[in-house]
Each structure stands twice: as structure tokens, then as C-alpha cells.
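Colleague: only geometry, no sequence info:
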């Protein structure tokens, strides 16, 4: 997304705003609303090319950097209470929710905030995060409170949310996201850095029964072993390590996600050997000992270039699957526990696929259609039977560890992508699986939300400056 720095004059004040010429007049007015409190319907925006309307094509105004706008209008009186009582989403039936909401809510870009918007949409696909945000209480309004309010404003509506309060709180809490360029405009940021920082805050603030929600559902653990072949008699050093994401390292030979994950779990380093009395090369090997219900993978696409003083991007194509099996990344002890569960789950999934395939071939009575679609031949009763079968083979230690993945099988649920050549520019989007319609995904391009075919996800593997996966979120497979 290429934005143009412009100046808006209103009531004796000047506002520096990043304008996206690809958007329309209403989107620009929404940005000004977040800055001035003047609703779009009360704004009158004048410029050299005439008056800006809601449906105005901004490209036709031939806007250059530091272009001046004049805005007329006041915030007005506080809205009056509605004559009829407000009906909240919690009080609506499923039918009423479906009637008022077709697409999920997007998030308005407030000037180079697509890194934030895309990450927030991916995080919102995790029910445990949303549920615990609703329960969150604090004495002071903090960043977690603002996230709670933002997500609440997105429930049961297709109207885009304005993240002004959350953004302000973010920049106060984490000043690196308030960095500006030489003209005073906010810079583009790295979505992965935002994701990591936000999870760190939620790790401390969101707790379920005394335990951190992030630790429970999004964190895994590793056994780390370090040894040197130069001193075979030296005992390997061992330690445990917690992770909230795995790294997919990218080289010329990395063509698939699993290749990059395996590369990320091995390393070499040089350090002093007490046995040899000199420096030696050590091999570092990591094995997973706990798998979280939600597995985050970062494609390590950005690296620092000294000549350009920017985070440049590795454009190499790396394919990632809809279904991921990470058994071979696990320790031998964990493998023994998860393999029986994995095999049972794979057996059940094959039965389900066969049943659905047979149902499609069979003659069908159109009067039995539900919302225009055939009902799933796998009934809720049958699913309950399958879950009971899986439960029988789960090791007791895994049963008692809420929030883990006992099968090592995952399905893709969200993708954050980046378009461009470096982290300090370009544009981020988010893609989230639509669980209500098989084979469909939601594409979140800030406030523009659209339904796409699953085949589009395969094109996000990279290979150029077009949209390429930066963060992928997998959830534990279920029956």
C-alpha cells in the first residue's frame, strides 16, 4: 500500500494524515473521524479539486505529498438514547445474528497500520483468546482492555471497526510502534514483531484458572541439547526452552515449510570447551516436548541489509500445507504418546471422507437441503462417538495437560501475508478459514473483506514481491 502524506486543517489545528489514493472519500473521512471526533456525515472536506464526497475517487484529485485539505464540521451533541432498547449480540438468536451480519468486520487503516490490522484478525480466529478477553477486568484501562473493546465492537456486524483507541494505547505502551519518518508520519512496522509483542502482553494479562491463556494454548516446550564431536568424552549439556512460535528458516534449498522448520531446530555455534581448553564447534539440536493447541510459524523472510539500512525480504517460494504433521519434530518420548492418537485420528478422517464422498454420489432429496446445502452425513452423534474413540488412546499425561495437541496433526486456520520488498514498506493482509463454508476463506485487506476459494491460499507461498506468507497459524486437528 502506497500512501501520500497530506495536511488537514480543522478548527485552527493541523493534522498530518497518510492518505491511500486507492481508497474512496469515506475511508479518508473515517481516518479524520478517529483524529477529530467529527463523524463522516458531519464532515465537509474542501480541496483544490473541489469537495470530497463519500464515493469520491481519490486518484482523480491528483494528490501530491503535503496536499492541503480544509475540513468543516463539529463533533456535535452526544447521541440520544434510542427510543427502542438496544438489543445486544448476546441476546440475539443465531438467526438474528446471521440476518444482521453477512461478512465479518474489517478494521480501518489509520495510516500504515495494516501490520496491526492483519495480525489482530489472525489472533481473533482463536476462540480461547476472544472468550478470555470478554472476562478480562482491570483497575485501569490498558492495552488488553482496548483489545477487548475493539473485538467487542466487531461482534455480530459487518461494519468495519476503527482501532483508534487501541492504536493510541499500543503506541503509549510500546513506543517503537510510534516511530515516525522525517515528515512526521507514522512508519510501516513489522507484523511479526507486533504479533510477538502483543502475545507477550496477553501472556501476562489473560489468565484462566490462574494459568496464562497464552502459555496454555499457544506455547510449547523444547528439549535443547548441545554437544561437540571434537570432544566425544564431554557430556552433552541439556536444558528446556519454551516457545510461542517456530521459525521456518529460508535458504535456496528450502522449498517446503517442513524443510524450514527442521532447519530451525538445528544450529551450530562456537564456544569454549572446558574439556579441550579452547573454542570448539558445538551442534545444537532441539526436539519438541509439548505441542500447543495453536501452533504459530514465522517465515524468516526479513533480514537486515547494511547497505540499504533496511529489513530486506527473501522472496524465495516456500510451500505450506493445509494439514501439517509435526511428529518428526518431536522428542522420542513424546512420539510414543502421540503416534497412537495420530493414527486413530487419521483412520477416522478417512472414514469421514469416504462417507462424504459416498453421500455426494448418492441420489438426494432437494427438500432436505439446509440453507441451500446438503447436511453433513457425519452427525453430531457420530462425531461424539469418534471423539470417544480418540479419547481412549490419549495418554493420561496429555489428557491432564489442557491446551496441548495430543496428535501432532494440525490444520491451517490463518495466514498473515506481506506484499513488497522490505519490512518497512509494502502492505499486509490476513486470510482466515471460514468454518461455516467448506473450501472458503475470508480475506481481510484492512476494512475490505471478501470471501475467496481455498485454492487462493496456495498462491501465498512467495516467489516474488506479491502477497507471501509471513505468519501462519495452525490449530490442532479434530474429528
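Modeller: Perfect, I can see it now. This is a predicted model, so every value here is computed, not measured.
Colleague: can you tell me the SS state at the residue lying closest to residue 238 once chain neighbours are set aside?
Modeller: In space, and not counting its chain neighbours, residue 238 is closest to residue 225: 5.3 Å by Cβ to Cβ, 6 or more residues apart in numbering. For the C-beta atoms, the positions are set from N, CA and C on the backbone; glycine is no exception. Here residue 225 takes the strand state, with states given by DSSP: H, G, I helix; E, B strand; the rest coil.
Colleague: what's the neighbour count on residue 225?
Modeller: By the criterion of other Cβ atoms under 10 Å, residue 225 has 15 neighbours.
Colleague: all helices for the protein, in order.
Modeller: 25-36, 94-100, 114-123, 127-135, 143-153, 164-173, 191-205, 213-218, 257-264, 332-361, 380-392, 396-399 (DSSP state H).
Colleague: state the mean pLDDT of the third one.
Modeller: When pLDDT is averaged along helix 114-123, the result is 98.
Colleague: what's the distance between the residue nearest to residue 238 and residue 265?
Modeller: Distance from residue 225 to residue 265, counting by Cβ to Cβ, to the nearest Å: 11 Å.
Colleague: what do the two both touch?
Modeller: 285-287 (Cβ atoms under 8 Å, 6 or more residues apart in numbering).
Colleague: what's the closest of the residues you listed to residue 108?
Modeller: Nearest to residue 108 out of the shared contacts of residue 225 and residue 265 is residue 286 (Cβ to Cβ; 40.8 Å).
Colleague: so how far is residue 6 from that closest one?
Modeller: Noted for residue 286: a distance of 49 Å to residue 6, by Cβ to Cβ.
Colleague: repeat for residue 351
Modeller: From residue 351 to residue 6 the distance is 60 Å (Cβ to Cβ).
Colleague: what about those two, which has more around it?
Modeller: Each of residue 351 and residue 6 has its neighbours counted (other Cβ under 10 Å); residue 6 has more, 20 against 14.
Colleague: list the contacts for that one?
Modeller: Residue 6 makes contact with 16-19, 63, 65-69 under the criterion Cβ under 8 Å, 6+ apart.
Colleague: so for stretch 281-294, what gets flagged as buried?
Modeller: Across stretch 281-294, burial judged by 16 or more other Cβ atoms under 10 Å covers 282, 286-288, 290-294.
Colleague: thought residue 318 was touching residue 255, still the case?
Modeller: Yes: using Cβ atoms under 8 Å, residue 255 is in contact with residue 318, at 6.6 Å.
Colleague: more neighbours: those two, which one.
Modeller: When residue 255 is set against residue 318 and neighbours are counted by other Cβ under 10 Å, the residue ahead is residue 318, at 23 against 15.
Colleague: where does the stretch 351-479 of the chain dip in pLDDT?
Modeller: 362-375 (pLDDT under 70).
Colleague: for it, which segments count as strands?
Modeller: 409-419, 427-433, 440-445, 448-453, 468-476 (DSSP state E, counting those that start in this stretch).
Colleague: how near is the most centrally placed residue in the chain to residue 415?
Modeller: In the chain, the residue lying closest to the centroid (Cα atoms, centre = their mean) is residue 122, at 2.4 Å. Residue 122 sits 8 Å away from residue 415, taking Cβ to Cβ as the criterion.
Colleague: helix or strand with the lowest mean pLDDT in the protein?
Modeller: When the helices and strands of the chain are compared on mean pLDDT, DSSP states H and E, helix 94-100 comes out lowest with a mean of 43.
Colleague: go through the chain and flag its longest strand.
Modeller: strand 278-290 (DSSP state E).
Colleague: need the contact partners of that strand.
Modeller: Residues outside strand 278-290 that contact it (Cβ under 8 Å, 6+ apart) are 219-231, 240-241, 265-273, 326, 329-334, 401, 404.
Colleague: pLDDT on that strand, on average?
Modeller: Mean predicted confidence for strand 278-290 is 97.
Colleague: okay, angle between that strand and helix 332-361 too, please.
Modeller: Counting by axes from the mean of the first three to the mean of the last three Cα atoms, to 10 degrees, strand 278-290 lies at 40 degrees to helix 332-361.
Colleague: next, the angle from strand 278-290 to helix 257-264.
Modeller: 140 degrees.
Colleague: what's the distance between strand 278-290 and the middle of its chain?
Modeller: Computed by Cα atoms, centre = their mean, to the nearest Å, the chain-centroid distance of strand 278-290 equals 30 Å.
Colleague: what do residue 122 and residue 415 both touch?
Modeller: By Cβ under 8 Å, 6+ apart, the residues touching both residue 122 and residue 415 are 430, 471, 473.
Colleague: ok, which of the strands of the stretch 351-479 of the chain comes nearest residue 115?
Modeller: For these, proximity to residue 115 was assessed by Cβ to Cβ; strand 427-433 is nearest, at 5.0 Å.
Colleague: who does the closest one pair up with?
Modeller: Strand 427-433 pairs in its sheet with strand 409-419 (antiparallel), strand 440-445 (antiparallel), by DSSP bridges.
Colleague: quick revisit: which of the contacts of residue 6 fall within strands?
Modeller: Per DSSP E, the contacts of residue 6 map to strands at 16-19, 67-69.
Colleague: just to revisit the earlier point, closest one of the shared contacts of residue 225 and residue 265 to residue 277?
Modeller: Closest to residue 277, out of all of those and judged by Cβ to Cβ, is residue 285, at 24.5 Å.
Colleague: who does the closest one bridge with?
Modeller: Counting by DSSP bridges, residue 285 is bridged to residue 225, residue 266.
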